[in-house]
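Enquirer: okay, here's the prediction I keep looking at, along with the sequence it came from:
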Amino acid sequence: MASSWTWKKAIKVGAAAATAGGGGCALLYLTSVYNSDRKKEQVQQKLAASGLNKRPSKPLPTRADQLNSLANEQFDVLIIGGGATGSGCALDAASRGLKTAMVEYDDFSSGTSSRSTKLIHGGVRYLQKAIMNLDIEQYKMVKEALHERANLLEIAPHLSFPLPIMLPVYKWWQLPYFWAGIKAYDLVSGGDCLKSSYILSKSRALELFPMLKKNELKGAIVYYDGMHNDARMNISIAISAVRLGATVANHVKVVDLIKTDGIVSGAKVRNQLTGEEFSIKAKSVINATGPFTDSIRKMDDGQTRDIVCPSAGIHIMLPDYYSPSNMGLLDPATSDGRVIFFLPWQGLTIAGTTDTPCPVTNSPGPSESDIQFILSEVKNYLTPDIDVRRGDVLSAWAGIRPLVKDPNAGDTASLVRNHVVHVSDSKMVTIAGGKWTTYRAMAAETVDEAVEAAKLGVGPSMTDGLLLEGAHNWAPTMFIRLVQDLGVDTAVAQHLSDTYGDRAFSVGKMAGLTGQRWPIVGRRIHQEFPYIDAEVRYAVKEYAATAVDVIARRLRLSFLNVQAAEEALPIVVSIMADELGWDKEEQDKQTEDAMDFLRMQMGKDLNKASRDNIPVSLTKAEIAEYVKRFNALDDGKKGYISINDIRKSLKSQGEEVTGQQIHELLNELDANHNGQVEVEEYLQMMSAIKSGTVSHSRFAKMAEMDYKAKKYGEHMERSGGGV
């Protein structure tokens, strides 16, 4: 029998469905809820009987142990690729009792799986197409995705949550049209509906999303989809597979496939960190490499045709004041027909995505044209009171979406809507396409094919309802215990709870003393974010092997704020050096590799170029004022500002700053990297601030305060802390 809570939800949404589409729709909805509830009970009974949902207590094997097992043992299945789908395959296979191996060329979720829009969704647009075109296959795809959406929120409640998303309406005729579509989305969800959608008046919409453009706004519709920390979710899936006995290793590249009597029976691999090569033996091999699908397929058959059509999706991060903390926004029809999401994430605002054909590469990067496109679309929906500035872009990144053609189809030009599972003549199983939300269903289908192809003789998938790492004993109030038991501050505790679930205590116990009255432990690696030293140490236990692994996938700093990631990098490298025994040469290499990553893949170079390339557009009066400020800071009238000038100015203003912070101040303007700031560089920065290409500058504020203090013979009163 369904729970009372479920039936209350059913009656509430069913009544709305009856209003929109008649009592018959409501009856269908209630039936769907009842059937869904019964299925969930059966799934939980099966998992309870198997013991798979018990919280694992054994420590994780080390990376060295995993590599040794890969080289010396034989496996039932080897998965190539450690993204969401590959990790899902590893978990699915391990949960069936198969001896499972998985290797990843870079890091778990280093590709597309960490560069998503962060939504767990069924696909509102796909449902619209299914209804308009009477397309039953499209409908089934949406129905499956809605079930997987609900399942993911249940198996990883600490990492995922329902997010209300607002659809602003600026034409009266759109209101019933959008309302019917969104209610159909609720109805198709059935028992997997997260929360019921609803209509808002103009005043109420502006109350909930005050940044919206007011002119001609008629009202809004709010619906719910899921949201998650995609990279952490991916890593949790991989770690969950390890807990069930899978052997996994990142930074291991497949260089060739092994065949026995024409059947793929393993792979030759290279440890990317040491250069060591060895072979992995397996009865079945699964290719789950996303955009790199064709490169593995060609190892199997050099004549096979390409099936991947790569497309780049660009996202940007903006400050928190661009969106409410608990409400997203959907622009259903941009100027060129694409869809843009505008969502709160990790305390900031994410905007995207684009959809542009691109080459397959290990290091995709954003383009300035795509950044400008997203900013212009954002500007169209926000009130003119908000100045949408290029300088507010904190980071930008590209993810390659592997759209695929069906290798079994005669028409090679048409793309499949969902995903493709293909078994080659040599019995290699390839899974390609699909989306984050349906990773589990795709993995189950893929492992089914591998079991059939290799005659492995195991039962069906067990991952529907299987709790992921950190979910077993987690509760929304767990962060309070972290504060009380460990002595970390509330923001850090909330972050640890929402990231590691019931493993947060294991992380917190590795935290160092702060030396302060409060918090007692948990030294932040950057003052603007709740990431602490212990997380870097814990990341190493979860197979982080490079500085990029940490700043990109374990802490998400590079995705949130590329400048903050650069500033935190020395601390991250220092802690990892202690954990992994890096010498000075290796630390320098890790720092250099991480800086290349930030510059090329996270938008740092584009941010700098947008500032440096803007023409100086200052008035004569502004130039005269800024030259006075420059000269006041230039002690000795050398014609440039040096490190010593900055140090002397800060000291006179009563500021205590580190040598690293002084270098950061200088580097804001030192375009030619000669250790000096010339007046031309200073004027360039002030022009960039005026145009909005740069949002703010510590150097500019310091120069202003220094000039005023010297002009008026006293320290000017400041607010908001130091530089």
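Expert: Nice, I can see it. Predicted model only: the values in this text are computed from it and were never measured.
Enquirer: neighbours around residue 448, how many?
Expert: Neighbours of residue 448 under the rule other CB atoms under 10 Å: 16. Where you see a C-beta, it was placed from the backbone N, CA and C, and this is true even at glycine.
Enquirer: tell me the secondary structure for it?
Expert: helix (DSSP: H, G, I helix; E, B strand; the rest coil).
Enquirer: residues touching it, list them.
Expert: If you count contacts by CB atoms under 8 Å, 6 or more residues apart in numbering, residue 448 has them with 460-461.
Enquirer: how near is it to residue 551?
Expert: Using CB to CB, to the nearest Å, we find residue 448 at a distance of 38 Å from residue 551.
Enquirer: please, where are all the strands along the stretch 351-500 of the chain?
Expert: 356-357, 395-404, 419-423, 429-433 (DSSP state E, counting those that start in this stretch).
Enquirer: nearest to residue 575, out of those strands?
Expert: Residue 575 lies closest, by CB to CB, to one member of the strands of the stretch 351-500 of the chain: strand 395-404, at 22.2 Å.
Enquirer: neighbouring strands - and their directions - for that closest one?
Expert: Strand 395-404 has its sheet partners listed here by DSSP bridges as strand 308-318 (antiparallel).
Enquirer: after the strand it pairs with comes which helix or strand?
Expert: Using DSSP states H and E, the helix or strand that directly follows strand 308-318 along the chain is strand 328-331.
Enquirer: for that following strand, packing partners?
Expert: If you count contacts as 3 or more CB pairs under 8 Å, 6 or more residues apart in numbering; DSSP states H and E, strand 328-331 packs onto strand 160-169, strand 340-345, helix 368-381.
Enquirer: so which of the ones you listed is nearest residue 423?
Expert: Proximity to residue 423 (CB to CB) singles out strand 160-169 among the helices and strands packed on strand 328-331, at 32.2 Å.
Enquirer: show me the helices in the stretch 451-600 of the chain, by range?
Expert: With helices called from DSSP state H, counting those that start in this stretch, the stretch 451-600 of the chain shows them at 478-486, 490-500, 504-508, 533-541, 547-548, 557-560, 562-580, 584-601.
Enquirer: what's the answer for the stretch 101-250 of the chain, then?
Expert: Under the criterion DSSP H, counting those that start in this stretch, the stretch 101-250 of the chain contains helices at 124-132, 136-155, 174-189, 202-208, 230-243.
Enquirer: now render the ones you listed as TSV, adding distance to residue 442, mean neighbour count and mean pLDDT.
Expert: Below are these laid out as TSV (distance: least, CB to CB, whole Å; neighbours: other CB atoms under 10 Å; pLDDT from 0 to 100):
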stretch	distance to residue 442	mean neighbour count	mean pLDDT
helix 124-132	16	17	75
helix 136-155	9	20	91
helix 174-189	20	20	91
helix 202-208	35	15	96
helix 230-243	12	26	98
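Enquirer: closest to residue 695 out of those?
Expert: Nearest of those (CB to CB): helix 202-208, 25.1 Å.
Enquirer: helices or strands up against the closest one?
Expert: Partner elements for helix 202-208 (3+ CB pairs under 8 Å, 6+ apart): strand 160-169, strand 219-228.
Enquirer: cutoff 7 Å now
Expert: strand 219-228 (3 or more CB pairs under 7 Å, 6 or more residues apart in numbering; DSSP states H and E).
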